[in-house]
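Asker: sequence and predicted structure, then a few things I'm wondering about:
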Amino acid sequence: MKKIIFIPLILLVACQNSTEKEQIATEQSIEMIAPESKVIPNQIATFDVSGMMCEKGCGASIRKGLYDAGGVSQVDVRFDELHSEISVHFDDQQTSVEEIIETIAALPKIAYTATLKEIHPI
């Protein structure tokens, strides 16, 4: 019983306690391009994302989920304590805004909710 309670507390503390250097990096836009991406994006959609507790773990989970779903070439994550936002570069022939929202909502472990802010062609 102690091990079950202890592990989640460590994960929660690890996400909330970051060094000053990590906090500065977290507040800045972090970009990551899909490895060996063959997607040629023609749209950029920006979403508010609730449920994110940190940029490293949560941001990486969202990026990986979107890359694995396909049609996405780049995900930019902007996270601070007050606001979480992602910009997704995608090909609207391979995926849609609705599929992106569903992919984010279906990610395991944490309940994320994405709300479309804006979309525009590249």
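Answerer: That came in fine, so what should we check first?
Asker: now Val88: closest residue in space that isn't a chain neighbour?
Answerer: The spatially closest residue to Val88, leaving aside those adjacent along the chain, is Ala45, at 5.1 Å (Cβ to Cβ, 6 or more residues apart in numbering). No exception for glycine: its C-beta is placed from N, CA and C like everyone else's.
Asker: quick one: that neighbour and Glu98 touch, right?
Answerer: No - at 10.6 Å, Ala45 does not count as touching Glu98 under the criterion of Cβ atoms under 8 Å.
Asker: who has more neighbours, these two?
Answerer: Under the criterion of other Cβ atoms under 10 Å, the comparison of Ala45 against Glu98 puts Ala45 first, with 22 against 9.
Asker: returning to what we had before: which SS state does the residue nearest to Val88 fall under?
Answerer: State at Ala45, reduced to three classes by DSSP: H, G, I helix; E, B strand; the rest coil: strand.
Asker: please report the distance of it from Asp92.
Answerer: Ala45 sits at a distance of 9 Å from Asp92 (criterion: Cβ to Cβ, to the nearest Å).
Asker: Val49 now?
Answerer: For Val49, the distance to Asp92 equals 20 Å [Cβ to Cβ].
Asker: again with Glu118
Answerer: On the measure of Cβ to Cβ, Glu118 and Asp92 end up 15 Å apart.
Asker: just the CA trace of stretch 41-57, in PDB.
Answerer: Extracted C-alpha coordinates of stretch 41-57, given in PDB (Å, rounded to 0.1, in the frame of the first residue of the first chain):
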ATOM      1  CA  PRO A  41       1.800  20.600 -43.600                       C
ATOM      2  CA  ASN A  42      -0.700  23.000 -45.100                       C
ATOM      3  CA  GLN A  43      -2.500  24.100 -41.900                       C
ATOM      4  CA  ILE A  44      -1.500  25.300 -38.400                       C
ATOM      5  CA  ALA A  45      -4.000  24.900 -35.600                       C
ATOM      6  CA  THR A  46      -3.600  26.400 -32.200                       C
ATOM      7  CA  PHE A  47      -5.200  24.800 -29.200                       C
ATOM      8  CA  ASP A  48      -5.700  25.600 -25.500                       C
ATOM      9  CA  VAL A  49      -4.900  22.400 -23.600                       C
ATOM     10  CA  SER A  50      -6.200  21.800 -20.100                       C
ATOM     11  CA  GLY A  51      -4.700  19.000 -17.900                       C
ATOM     12  CA  MET A  52      -1.100  19.700 -18.600                       C
ATOM     13  CA  MET A  53       1.000  19.800 -15.400                       C
ATOM     14  CA  CYS A  54       4.500  20.200 -17.000                       C
ATOM     15  CA  GLU A  55       6.000  20.800 -20.400                       C
ATOM     16  CA  LYS A  56       8.500  18.000 -20.300                       C
ATOM     17  CA  GLY A  57       6.300  15.000 -19.500                       C
END
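Asker: no further questions, thank you.
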